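Undergrad: Could you look at this predicted model? Sequence included:
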Amino acid sequence: MRDIDFGSPEHKVLFCRDFIDSHDPFKPEHIRWPDLDAPTLARLKALPVWTEAVNTEYETALKVGAFGAAEKDPLMSEAIILQGREEERHFRILELMTAHYGIPVVRRGEPKAPEPEWGFLGVGYAECFDSFFAFGLFALARRSGFFPRALIDLFEPILQEEARHILFFANWAKYRQQRTPLWARPAHSFGNGLAASLQVVNRLKLAFNAGGDDGVDDNFMMDAKRAFGDVSARSFVELCLAENERRMAPYDPRLARPRLAPAAARWVMRLLPADRQTAAA
Ligand SMILES: [Fe+2]
Ligand SMILES: [Fe+2]
């Protein structure tokens, strides 16, 4: 298979069509929620993720939908609007699930609409980091038996949808970068770098909050990681890298892959002590 020129019309058609054609048209209302025994239900309710997850999916759907509607290119607009619908579906799934199992969720007010492109950049970079760690957490949850298999299987398509979203975003960003005239690239890169840095700072804040005792719901990555057992930081990062590879593997090899979170993870790995015994996970 020959390579593709990033930024070419062929590249645009490939990453948009790949995204549109891999859409799974399932309906959240058709999901049959499995019966859970009392200890499992208690564990599910105790996970401090649901308020943040429901609100984030809702806000992400609005931001992505707004950018899709503003996009002038019909094919890119179609793909981005479809991504917005998938985010809205994630929100509905979580809303249905929390209602079904009686999990309390505190809804935030309607968010202020950001400028569409800035909103999409923020969502894209945030998803690149969140999905990378979520892939690892999900694999831990599957291995540990923390949740029953039936529930894990229900969430599998959502995780894979997030993999599609960050793949689309990586290619959208690459396409735009390549089509920006050389003289404008420094300003373009600065804007992208700023959006990415803000998301990194947000993620670090969440991680450091996890050590505090304020009981805030949004420190979900670190809390959930603790819930899934004693796993060293190194083996967790290794697992995230391996899961990221696995989830990206099905898609056209000519497409660009998200690089920021894996590169940051590899950099962090150099600072982490080696495990005394391998394969703690
Ligand atoms: Fe989502
Ligand atoms: Fe997403």
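TA: Good, I have the coordinates. Predicted, not measured: the structure shown is a model, and the values here were computed from it. Ligands and ions are numbered 1, 2, ... in the order given.
Undergrad: what residues does the chain put near ligand 1?
TA: The chain comes close to ligand 1 at residues 57, 87, 90, as judged by CB under 5 Å from the ion. (Glycine included, C-beta is placed from N, CA and C.)
Undergrad: Please repeat the previous calculation with a cut-off of 6 Å.
TA: For the chain, the contact set with ligand 1 under CB under 6 Å from the ion comprises 57, 60, 87, 90, 162.
Undergrad: what about the first one, how many residues close to it?
TA: Under the neighbour criterion other CB atoms under 10 Å, residue 57 is assigned a count of 20.
Undergrad: Could you pull up the contacting residues of it?
TA: Contacts were defined as CB atoms under 8 Å, 6 or more residues apart in numbering; by that measure residue 57 touches 87-88, 90-91, 94.
Undergrad: Apart from its neighbours in sequence, what residue is nearest it?
TA: Leaving aside its sequence neighbours, residue 57 sits nearest to residue 91 (CB to CB, 6 or more residues apart in numbering; 3.9 Å).
Undergrad: same thing with the fourth one?
TA: Taking CB to CB, 6+ apart, and ignoring the residues beside it in sequence, residue 90 has residue 57 as its nearest neighbour in space, at 4.3 Å.
Undergrad: Would you mark the buried spots in the helix or strand where that neighbour lies?
TA: Element membership for residue 57, per DSSP states H and E: helix 50-70. Using 16 or more other CB atoms under 10 Å as the test for burial, helix 50-70 gives 50-68.
Undergrad: Toward the C-terminus, what is the element adjacent to that helix?
TA: Next element after helix 50-70 (DSSP H and E): helix 74-101.
Undergrad: Quick check: residues of the protein near ligand 2?
TA: Counting by CB under 6 Å from the ion, the residues of the chain near ligand 2 are 87, 127, 162, 165.
Undergrad: Just the pLDDT for the last one.
TA: What the model reports for residue 165 is a pLDDT of 97.
Undergrad: Show me what the helix or strand harbouring it is packed against.
TA: Here residue 165, judged by DSSP H and E, is contained in helix 149-179. Helices and strands touching helix 149-179, as assessed by 3 or more CB pairs under 8 Å, 6 or more residues apart in numbering; DSSP states H and E, comprise helix 9-21, helix 74-101, helix 116-144, helix 185-209, helix 233-248.
Undergrad: Can you give me the buried ones in it?
TA: Using 16+ other CB under 10 Å as the test for burial, helix 149-179 gives 151, 154-155, 158-159, 161-175.
Undergrad: Next, the angle helix 50-70 makes with that helix.
TA: 40 degrees (axes from the mean of the first three to the mean of the last three CA atoms, to 10 degrees).
Undergrad: Below-threshold pLDDT in the stretch 51-200 of the chain: ranges please.
TA: 187-188, 190, 193-200 (pLDDT under 70).
Undergrad: What residue in it comes nearest to ligand 2?
TA: For the stretch 51-200 of the chain and ligand 2, the shortest gap (CB to the ion) falls at residue 165, measuring 3.6 Å.
Undergrad: Highest mean neighbour count out of the helices and strands packed on helix 149-179?
TA: Greatest average neighbour count among these goes to helix 116-144 (a mean of 21), per mean count of other CB atoms under 10 Å.
Undergrad: how far does it sit from the chain's center?
TA: 2 Å (CA atoms, centre = their mean, to the nearest Å).
Undergrad: tell me what it is packed against?
TA: For helix 116-144, the packing partners by 3+ CB pairs under 8 Å, 6+ apart are helix 50-70, helix 149-179, helix 185-209, helix 220-227, helix 233-248, helix 260-271.
Undergrad: Kindly recompute the last result at 6 Å.
TA: Helix 116-144 is packed against helix 50-70, helix 149-179, helix 185-209, helix 233-248, helix 260-271, with contacts defined by 3 or more CB pairs under 6 Å, 6 or more residues apart in numbering; DSSP states H and E.
Undergrad: That helix to helix 260-271, inter-axis angle?
TA: Using the same axes, to 10 degrees: helix 116-144 against helix 260-271 is 50 degrees.
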